[in-house]
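Student: Could you work out the structure for the sequence below:
(one chain, ligands or ions: 1)
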Amino acid sequence: MPGQGSENKKLTLEEAKKEIERLRELIRYHEYKYYVEAQPEISDYEFDMLMKRLEALEAQFPELITPDSPTQRVGEQPLEGFPTAEHHPPMLSLENVYSYEEFLEYHNRIKRMLPGEKIDYVVEMKIDGVSIAVQYENGIYTRAITRGDGYKGDVVTENIKTIRSLPLRIKETRFVEVRGEVFMPKAAFEKLNQERAERGESLFANPRNATAGTIRLLDPKEVARRKLDIFFYYIFIDGDYPRPTHWENLQLIKELGFKRNELVWFCESPEDVLKIWEEWKDKRDDLPYDVDGLVIKVNSIEQQKRLGETAKFPRWAIAFKFPAKQAVTQIINIELNVGRTGAITPVAILKPVKLAGTTVSRASLYNEEEIRRKDIRIGDWVVIEKGGDIIPKVVAVVKSRRTSKEKPFVMPKRCPVCGAELYRPPGEVIWRCPNAACPAKLKESILHFVSRNAMNIEHIGEALVDQLLKKGLIKDPADLYYLKKEQLASLERMGEKSAQNVLDEIEKSKNNDLWRLIHALGIRYVGEKTARILEEHFPSLDALMNASYEDLIKIPEIGPKVADSIIHFFKDPTNRKIIEKLRAAGVNFKSRKKEEGPKPLEGKTFVFTGELDSYTRAEASALVESLGGKVSSSVSRKTDFVVVGRNPGSKYQKALKLGVKILNEKEFLELIEKTKKSS
Ligand code: IVH
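Tutor: Residues are numbered from 1 along each chain as shown. Okay, here's the model as predicted:
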């Protein structure tokens, strides 16, 4: 074994450098064999010994530690949160087809767009995980960004670094971005849930949720324990595809040492694609990770470019989903759920049954009409199905199993939560609770407010909202901004640290883009897309509040129903009060899109470390961004300024090492002032 018996010998710096490099090379090679190829050449023990020897040498010569050393995968420090970064190009999602007919339609559509041309496809597995973009500069791993909303994601570099199949250095010095899917293998998922069950913690519904939850942890050590993995399927070098076909790019991904899924096929016709689909729709259960379909991509990059994309999807790729998985179980009861807008949804309480890897005990029944149409009764045996969405649905009743003891469902007349009499607007199928103060509505409106596509405030789930409401700590979403640390810390299962995390998340959200706030307010018919459109047309929330019905319907995408609902919403005194509380708390009411102001800091990258006295991190970042500058989470040679506050972290050391310009708080504020004046 290398290194054995030589620990006692004192090495010179030069000798140590050589030995450290030799060990790192060897470890990288064996990591690749083990984690990427799954063909280890040495025992775990031998591997551990190599690591130990490297660790010992690095401890002796700390000046030789580099961030890409195999010993540096798991950071010691908890993270402070996740800054965001933009995706170029955006990370789009895929259109789905569910049958061969639909796939043929897609094929014919692109044949019409590329008349007379031969179209080759590459077929891949659609991994059911979380997509990620990973970047390398000068051959060194620098950043990992989640998909987020496709345009902007969270920077989760330290967490992704813990994935052992990920190379920390590659033999390509140009700027490389690889994209792929992070996932939790089924075995790791089972183990994690089992441990959580033993500790009395809540369970993850499926490996995808567990992956998403894990990537967002602030403790890289815990992330490392959870054994995520990645398959890559895209590569950009200096912003473009390096090779002329997708197949060759997949080859390059492999040559550079990345893990890609070896289940890839080259297809010259839709029939070839169908054969693979037929074969794998059942065999997928044997794979050690979850897949939910195939992804079919046009092979030629040049054809891809000509096909282009719609606002949401590329035209050159499509997901051909595997059939939803079905199960048969019994309806024990039918309960009512009260939504944010007071909509009453009947929910079937089921005898728990395993379906696609999770235990299902509830299914949505949509509305009274649906129940009648499908003749669903309490006590019925039913077929349930999990489609693209998480909540399963009842597909049909197994009539042959009826015993005549089943009870037809009678729609209650009163709200199950507040007792108010339900009403059904003429012409609608949905019953509603009319009580504006109904606690169920309040709870749902707060959950909506914090949700990912609204204010995106993490760490606030159902259990916490329940507690906050019960203790009377919040009466509307704006109250979140007035919570005190002691109040949070005194709640069940909350320590000082979690309380601080919640407060940090709330604080961060004050700086959100305007569309998030518009969406979060919960105006009926105003979803994420409409909120984004409204931001395009109004420079601030005040401008939107003062808009007339005519102003609103002038916007092409806004119809009378939506315009009416917006006017109605802002007239309501309760809503007005909430808005004023949000304003007083310092929540951003302005659009940054309309501020086409000068961009004197364009091209300048700032990194913050430590605490500032005059601004929170979010405010300082917003200041830089408002002047056209960029804020990054890690220091590199490309960083222009590192702003150092009280108790700075390792970024300060790194800045010193790289000779990046360092500013203290006073110098930073002076720079901002000077920049503002000169523009
Ligand atoms: S291609 C622009 N290939 O599926 C093309 N996506 O529904 C986007 N996914 O967001 C992605 N396996 O997270 C591609 N082999 C694969 C994939 C894959 C899983 C995910 C990805 C994407 C989602 C789209």
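
Student: now Gly75: how far from Glu222?
Tutor: As judged by Cβ to Cβ, to the nearest Å, Gly75 and Glu222 stand 11 Å apart. (C-beta placed from N, C-alpha, C; glycine too.)

Student: ok, the two, which is more surrounded?
Tutor: Using other Cβ atoms under 10 Å as the criterion, Gly75 and Glu222 rank with Gly75 on top: 19 against 14.

Student: where's the more buried one, which helix or strand?
Tutor: Applying DSSP states H and E as the criterion places Gly75 outside every helix and strand.

Student: How about Phe266?
Tutor: strand 264-267.

Student: which neighbours does that strand have in its sheet, and in what orientation?
Tutor: If you go by DSSP bridges, strand 264-267 pairs up with strand 121-127 (antiparallel).

Student: anything in the helix or strand just after the partner strand near the ligand?
Tutor: Sequence-wise, the next helix or strand downstream of strand 121-127 (DSSP H and E) is strand 130-137. Yes: residues of strand 130-137 are located near the ligand by Cβ under 6 Å from any ligand atom, namely Ser131.

Student: Kindly state the pLDDT recorded for Asn594?
Tutor: If you look again at residue 594, you'll see it is Lys, not Asn. Listed pLDDT for Lys594 reads 52.

Student: Below-threshold pLDDT in this structure: ranges please.
Tutor: Scanning the chain for pLDDT under 70 picks out the ranges 1-9, 200-201, 356-357, 387-390, 594-597, 679.

Student: which strand in it runs the most residues?
Tutor: strand 325-338 (DSSP state E).

Student: which ones are touching the residue nearest the centre of the chain?
Tutor: Residue closest to the average C-alpha location in the chain (Cα atoms, centre = their mean): Gly148, at 4.8 Å. Neighbour list for Gly148: Thr84, His87, Met91, Asp154 [criterion: Cβ atoms under 8 Å, 6 or more residues apart in numbering].

Student: how does it look with 10 Å?
Tutor: By Cβ atoms under 10 Å, 6 or more residues apart in numbering, Gly148 lies in contact with 82, 84-87, 90-91, 131, 133, 154-155, 452, 456.

Student: cool, and Gly419?
Tutor: Contact partners of Gly419, counting by Cβ under 10 Å, 6+ apart, are Cys433, Asn435, Cys438.

Student: Likewise for Tyr29?
Tutor: Counting by Cβ under 10 Å, 6+ apart, Tyr29 has contacts Glu41, Ile42.

Student: element containing it?
Tutor: helix 13-31.

Student: Can you mark which positions in that helix are buried?
Tutor: Across helix 13-31, burial judged by 16 or more other Cβ atoms under 10 Å covers Ala16, Glu19, Ile20, Leu23, Arg24, Leu26, Ile27, Arg28, His30, Glu31.

Student: Let's have those in a markdown table, adding distance to the ligand.
Tutor: Below are the buried residues of helix 13-31 laid out as a markdown table (distance: Cβ to the nearest ligand atom, whole Å):
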| residue | distance to the ligand |
| --- | --- |
| Ala16 | 43 |
| Glu19 | 41 |
| Ile20 | 37 |
| Leu23 | 35 |
| Arg24 | 31 |
| Leu26 | 32 |
| Ile27 | 29 |
| Arg28 | 26 |
| His30 | 28 |
| Glu31 | 24 |
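
Student: Pretty sure Lys297 sits in a strand.
Tutor: Yes: counting by DSSP: H, G, I helix; E, B strand; the rest coil, Lys297 falls inside a strand.

Student: Now do the same contact list for the closest residue to it other than its chain neighbours.
Tutor: What sits nearest to Lys297 in space, not counting adjacent residues and going by Cβ to Cβ, 6 or more residues apart in numbering, is Ala317, at 4.4 Å. Shown in contact with Ala317 (Cβ under 10 Å, 6+ apart): 92, 94-95, 106, 121-122, 124, 246, 295-298, 304, 307, 309.

Student: where's Ala317 relative to Val122, distance?
Tutor: Distance from Ala317 to Val122, counting by Cβ to Cβ: 9 Å.

Student: Tell me the residues that contact both of the two, please.
Tutor: Here Ala317 and Val122 have His246, Val295, Ile296, Lys297, Val298 as joint contacts, going by Cβ under 10 Å, 6+ apart.

Student: Pretty sure the last one sits against Val273.
Tutor: This points to Val298. No: with contact defined as Cβ atoms under 10 Å, Val298 does not count as touching Val273 (12.0 Å).

Student: Now, of the contacts of Ala317, which are buried?
Tutor: Buried residues within these, counting neighbours by 16+ other Cβ under 10 Å: 92, 94, 106, 121-122, 124, 246, 295-298, 304, 307.

Student: can you narrow those to ones near the ligand?
Tutor: Near the ligand, judged by Cβ under 6 Å from any ligand atom, the entries from these are Leu92, Leu94, Glu124, Val295.

Student: Would you mind listing the two of these that lie farthest apart?
Tutor: Pairwise distances across these (Cβ to Cβ) peak at 15.7 Å, for the pair Leu92 and Glu124.

Student: C-alpha coordinates for stretch 310-320, CSV please?
Tutor: Provided in CSV are the C-alpha atoms of stretch 310-320 (Å, rounded to 0.1, in the frame of the first residue of the first chain):
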residue,chain,number,x,y,z
THR,A,310,-41.4,27.8,-27.2
ALA,A,311,-41.6,30.0,-24.1
LYS,A,312,-41.6,26.9,-21.9
PHE,A,313,-40.3,23.9,-23.8
PRO,A,314,-37.6,23.1,-26.4
ARG,A,315,-39.2,21.8,-29.6
TRP,A,316,-36.2,19.4,-30.1
ALA,A,317,-37.0,17.2,-27.1
ILE,A,318,-40.0,15.6,-25.5
ALA,A,319,-40.8,13.4,-22.5
PHE,A,320,-42.6,10.2,-23.4
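
Student: Now it: buried residues?
Tutor: By 16+ other Cβ under 10 Å, the buried positions in stretch 310-320 come out as Pro314, Arg315, Trp316, Ala317, Ile318, Ala319, Phe320.

Student: Val526 should be in a strand, yeah?
Tutor: No: counting by three-state DSSP, Val526 is not part of a strand but coil.

Student: Now it, what are its backbone angles?
Tutor: Dihedral angles of Val526 (phi, psi; degrees, to the nearest 10) stand at phi -100, psi 90.

Student: Next up, the contacts around it.
Tutor: Going by Cβ under 10 Å, 6+ apart, Val526 touches Trp515, Ile518, His519, Ile533, Leu534, Ile558, Val562, Ser565, Ile566, Phe569.

Student: now the residues you listed: which count as buried?
Tutor: Buried among the contacts of Val526 by 16+ other Cβ under 10 Å: Trp515, Ile518, His519, Ile533, Leu534, Ile558, Val562, Ile566, Phe569.
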